[in-house]
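> I'd like to go over a predicted model; first the sequence, then the structure.
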Amino acid sequence: MLLSLEEIIGRNGITTVLNTAQLSDFIEDYPPINLDLQFGYDHVSKIMIALEKVYGQRGGRGFARRAGYAAFKYGLREFGPSTGVSSLSFRLLPWRRKMRSGLNTLADTLNRLAGQCVWVEEQDARFLWYTNPCPLCHERKTDGPVCQFIVGVLEEMLYWLSGSKYFIVNETQCVASGDPTCLVVIDKKPLE
């Protein structure tokens, strides 16, 4: 997450965000990518809040979404081989099967490595991506959905899985705005 934010807002931007979030200990050394969970839900939420404080609500959420695009690339490099999504046999699957399998693999990876509770339901025309608890809106109170980072990750994953097709991906429910779960709705049909 920090690497992807730095890619989007630059070194000075991430320094400002970390200072605003009162997480200046991470400015010089980002936490290692491991299973120790040294970077908890409260850290992630503080960064999302600080991003909105520094860049405004609209700008902060836009940067979070763009950082999600970059985060998919970092996650694919780090976890693609161990999850099988970068294997030739997976890449040769029809893109609709890759879509279903990719969403479930990402959910399983987040559950296993980040201690999240993510599950995916499939309907005729869409997938439903549920998260609770959610690190992006942990202990936040807002008037609408704020989990744009995961929306960006999902959009970029679907773009990659489908061979450059765009899909409508929207968060329709958010724990931060009083809903029981965060819910991201993903259309199965790509935009033409």
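On my side now, so go ahead. What you see is a predicted model, and the numbers here were worked out from it, not measured in a lab. Numbering: from 1, shown residues only.
> Would you state the strands of the chain in chain order?
118-122, 126-131, 169-173, 182-187 (DSSP state E).
> Of those strands, give the one that comes closest to Gly144.
Among those, the nearest to Gly144 by C-beta to C-beta is strand 169-173 (8.8 Å). C-beta here means a position set from N, CA and C on the backbone, and glycine is covered the same way.
> which outside residues touch that closest one?
Strand 169-173 has contacts (C-beta atoms under 8 Å, 6 or more residues apart in numbering) with 145, 147-148, 150-151, 154-155, 158, 179-187.
> Tell me the buried residues in it?
By 16 or more other C-beta atoms under 10 Å, the buried positions in strand 169-173 come out as 169, 171, 173.
> And the first one, how close does it get to Leu103?
Put plainly, it is Val169. 11 Å (C-beta to C-beta, to the nearest Å).
> Residues that sit against both of the two, list them.
With C-beta under 8 Å, 6+ apart, Val169 and Leu103 have common neighbours 154, 186.
> can you tell me which residues contact the closest residue to Asn111 other than its chain neighbours?
Distance criterion C-beta to C-beta, 6 or more residues apart in numbering; nearest residue to Asn111, sequence neighbours excluded, is Val118 at 5.7 Å. Val118 makes contacts with 106-107, 110-111, 129-131, as judged by C-beta under 8 Å, 6+ apart.
> can you check Val85 too?
76, 101-102, 105.
> can you check Lys46 too?
Counted by C-beta under 8 Å, 6+ apart, Lys46 has contacts 21-23.
> just the residues you listed now: which is nearest Ala67?
Ala21 (14.3 Å).
> The contacts of strand 169-173, buried ones only, as a PyMOL selection?
Of the contacts of strand 169-173, the buried ones go into a single PyMOL selection, burial set by 16+ other C-beta under 10 Å:
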select buried, resi 145+147+148+150+151+154+155+158+181+182+183+184+185+186
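> ok, back up a step: same list, the strands of the chain, but as a markdown table with distance to Ser86 please.
Formatted as a markdown table, the strands of the chain follow (distance: least, C-beta to C-beta, whole Å):
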| stretch | distance to Ser86 |
| --- | --- |
| strand 118-122 | 20 |
| strand 126-131 | 21 |
| strand 169-173 | 22 |
| strand 182-187 | 21 |
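> of those, which approaches Gly40 most closely?
strand 126-131 (15.5 Å).
> Just the closest of the contacts of Lys46 to Arg65, please.
Nearest to Arg65 among those: Ala21, at 18.4 Å, using C-beta to C-beta.
> Do I have it right that the closest one meets Glu52?
No: using C-beta atoms under 8 Å, Ala21 makes no contact with Glu52, being 10.7 Å away.
> average model confidence for stretch 140-150?
Average pLDDT, stretch 140-150: 94.
> residues making contact with stretch 128-145?
40-42, 44-45, 48-49, 64, 103, 107, 114, 116-122, 146-147, 149-150, 154, 171-177, 180-186.
> What residues of that stretch count as buried?
128-132, 134-138, 140, 145.
> From the contacts of Val85, which land in helices?
76, 101-102, 105 (DSSP state H).
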